[in-house]
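Colleague: attaching a predicted model along with its sequence, questions to come.
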Protein chains: 2
Amino acid sequence: MTRERAYFEALALKEHRQLCPDHVPEVYHFDRPMSLIGMRFLEPPHIILRKGLIAGIEYPFLAEHISEYMAKTLFCTSLLYRSTMEHKGAVAEFCGNVELCNHTARVVFSDPYRVSQYNHWTSPYLDRDVEAVREDNYLKIEIAELKSKYYFFLSQALIHGDLHTGSVMVTLDSTQVIDPEFAFYGPMGFDIGAFLGNLILAYFAQDGHANQRNDRKSYKEWILRTLEETWTLFHKIFTALWDQHKGGSGEAYIPEIYNNPEIQQLVQQKFMKDLFHDTLGYGAAKMIRRIAGVAHVEDFESIKDARKRAACEQQALGFAKMLLKERRKFQAMAEVVSAIPNLHV
Amino acid sequence: MTRERAYFEALALKEHRQLCPDHVPEVYHFDRPMSLIGMRFLEPPHIILRKGLIAGIEYPFLAEHISEYMAKTLFCTSLLYRSTMEHKGAVAEFCGNVELCNHTARVVFSDPYRVSQYNHWTSPYLDRDVEAVREDNYLKIEIAELKSKYYFFLSQALIHGDLHTGSVMVTLDSTQVIDPEFAFYGPMGFDIGAFLGNLILAYFAQDGHANQRNDRKSYKEWILRTLEETWTLFHKIFTALWDQHKGGSGEAYIPEIYNNPEIQQLVQQKFMKDLFHDTLGYGAAKMIRRIAGVAHVEDFESIKDARKRAACEQQALGFAKMLLKERRKFQAMAEVVSAIPNLHV
């Protein structure tokens, strides 16, 4: 991958930090020829969220913090907030990060659905499951739609581009989002889905980490609560920002046209419903690619017993396939949570 | 508007001519500092199609020619045909034409739906109708969706950007598409809809041009046939190109993934259904803006009697509003044609 990704990482860090200083570390210095970023040292006890989830640590402010980060960065870099004149330069700049977009498109939307030398999985247990992914026409139609939204249609908002639980550092009361090297103007649901999809992966991995001292039952419940709260709070903050700025210069719904409470409510409901379904779709796609594609996650990889790991992955894969194909049937995150199976492996 | 539009016009003419030499005139020379295009003189008896439609002239090859132009230019500049590497440079280049995109977005998707000093209409006859457009919540929700597809999500194909009947020159056996100064990478349905929407406007204007010598009845039938044939032939040529190139390097549906006849048929049906609904939506939007917005069409403007003109426009506006709101209910162009009212004014 091109060294220029450091440039886009620094640019996105700065822009996102302006919008959400509490949850994005400061960049002190960037040197483009050297691809060198000098930024805040996230001091101990900050650890990568994924490791905390594997260790079974509850983060009481996680949902609140990450939803604030997502709502502020996504709303304020979109045409819900900006005029086209502000927007166009920013979008063009991030077009330069196309190589990393291509990479993402390949590993998320293509490789898991075809025979690729880079794919791997917990063999032989998942051989048949991975083959089934490649043979599922309806799954492949849905992934094509998400790919086209991600890739062929640009510019909804400046997204992080890789917002899984390995891109978040946490303590019990601090949440810091790092590593936006894949940042570009793309669909909001790609970020929200990445985070929530990886939370669901963490959930399905818990049975593999359970032991006689800790059955992880209450931790699994905490993950599901966090999943639901993250969307609920995101929805609340995002729509509050929208209400607050609805008389502003945002190009998407011009105040002179969308000028009565009824229509404002209708467009907001429609937008949030579409965003919810995008989120579920991208979340599911992110789950599938971590089981059948090239790059796996430590949540599962750290389960030593391959048979047990495969059982966890099989559940996650089955749920993700259903979610990708049936996402439009869900109206609220509570319904999604209820649909997550809780079969001990 | 910026003088640079000549650059994009010349660029689009050259690219489209490569793909469809029979229906795009040759550019002999372009001088960027002078914004000067030296191109084929479209010799008499070539006239602007719109004038031919007003005069009641039937063009037996129009549907065939224009559908060939649209299918070849749209398919071959999209990711159905191209790899991302070929695509990205072209898309970035046309991003420079953003000023003209902004202009289109304003006059098509915004002005007719708000009070704007530039709007005009056949007053007082249409005062109430134009007000009703501004008060129709569901219409405004639909136009927002089309605007976001047009504008916020870029890059489906290199579209002409202004493909109304004034951008086509014809003789009885020649059809030449000119004036792509608004060209950019945008939704295919915007071009197809522009052409078909303007044909429908021509249809509704016929009663205003009818006289005792010619009641225009058979001409109205020819327009409706041409409308249906244009879509039917476009569909045929476009899907034939797709079938022919489905093993190629097109990024949208990678052959290794979309690798069986059943899924190929499913994705093609879904794509064409979405494109059909986009086409109807953009076609309707183009009709509305020509009646309630800033720039009107000679089809109506040349009807001297304001009361008669208003009656024609009222029918067209009513049909366009229905089409914009209900477009997803239509499955085939024959159904749309059947829904076009035939009440003499």
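Modeller: Good, I have the coordinates.

Colleague: run through the bridge partners of the residue nearest to residue A:42 when sequence neighbours are not counted.
Modeller: Nearest residue to residue A:42 in three dimensions, chain neighbours excluded: residue A:169, at 4.9 Å (CB to CB, 6 or more residues apart in numbering or on different chains). Just so you know, the C-beta spots here come from the backbone N, C-alpha and C atoms, and that holds for glycine as well. Taking DSSP bridges as the rule, residue A:169 bridges to residue A:48, residue A:176.

Colleague: can you count the residues close to residue A:169?
Modeller: Residue A:169 has 20 neighbours, counted by other CB atoms under 10 Å in any protein chain shown.

Colleague: surely it and residue A:47 touch.
Modeller: Yes. With contact defined as CB atoms under 8 Å, residue A:169 reaches residue A:47; the gap is 6.6 Å.

Colleague: now do the contacts for the residue nearest to residue A:42.
Modeller: A:42, A:46-49, A:175-176, A:178 (CB atoms under 8 Å, 6 or more residues apart in numbering or on different chains).

Colleague: and if we set it to 10 Å?
Modeller: A:25, A:42-43, A:46-49, A:51-52, A:175-179 (CB atoms under 10 Å, 6 or more residues apart in numbering or on different chains).

Colleague: one more: residue A:88?
Modeller: A:82, A:155, B:95, B:98-99, B:101-102.

Colleague: so residue A:158 is in which element?
Modeller: For residue A:158, the host element (DSSP states H and E) is strand A:157-159.

Colleague: show me what that strand is packed up against.
Modeller: helix A:5-19, helix A:62-76, helix A:84-95, strand A:184-186, helix A:188-209 (3 or more CB pairs under 10 Å, 6 or more residues apart in numbering or on different chains; DSSP states H and E).

Colleague: closest one to residue B:265 out of the contacts of residue A:88, please.
Modeller: Closest approach to residue B:265 among the contacts of residue A:88 (CB to CB): residue A:155, at 31.5 Å.

Colleague: tell me the SS of the closest one?
Modeller: Recorded secondary structure, residue A:155: coil (DSSP: H, G, I helix; E, B strand; the rest coil).

Colleague: that one reaches residue A:184, doesn't it?
Modeller: Yes. If you go by CB atoms under 10 Å, residue A:155 and residue A:184 touch, sitting 9.0 Å apart.

Colleague: most distant residue from the centre of chain A?
Modeller: What lies farthest from the middle of chain A is residue A:256; by CA atoms, centre = their mean that is 34.0 Å.

Colleague: now the buried members of the contacts of residue A:169.
Modeller: Those of the contacts of residue A:169 that meet the buried threshold are A:25, A:42, A:46, A:48-49, A:51-52, A:175-179, by 16 or more other CB atoms under 10 Å in any protein chain shown.

Colleague: which SS state does residue A:44 fall under?
Modeller: Residue A:44 - assigned by three-state DSSP - is coil.

Colleague: ok, now residue A:30?
Modeller: Looking at residue A:30 with three-state DSSP, the answer is strand.

Colleague: which residues sit in contact with the residue nearest to it when sequence neighbours are not counted?
Modeller: Of all residues not flanking residue A:30 in the chain, residue A:10 sits nearest, at 4.1 Å (CB to CB, 6+ apart). For residue A:10, the contacting residues are A:27, A:29-32, A:35-39, A:180-181, A:183, by CB under 10 Å, 6+ apart.

Colleague: what's the angle from the helix or strand bottoming out on mean pLDDT in chain A to helix B:84-95?
Modeller: When each helix and strand of chain A is scored by mean pLDDT, DSSP states H and E, helix A:84-95 comes last, with a mean of 77. Orientation check (axes from the mean of the first three to the mean of the last three CA atoms, to 10 degrees): helix A:84-95 against helix B:84-95 gives 150 degrees.

Colleague: go through helix A:84-95 and flag the buried ones.
Modeller: By 16+ other CB under 10 Å, the buried positions in helix A:84-95 come out as A:84, A:87-88, A:90-91, A:94-95.

Colleague: ok, stretch A:49-61 next?
Modeller: Buried residues in stretch A:49-61 (16+ other CB under 10 Å): A:49-54, A:56, A:59.

Colleague: in helices, which of those residues fall?
Modeller: Judged by DSSP state H, helices contain the following of the buried residues of stretch A:49-61: A:49-54.

Colleague: kind regards, and thank you for your time.
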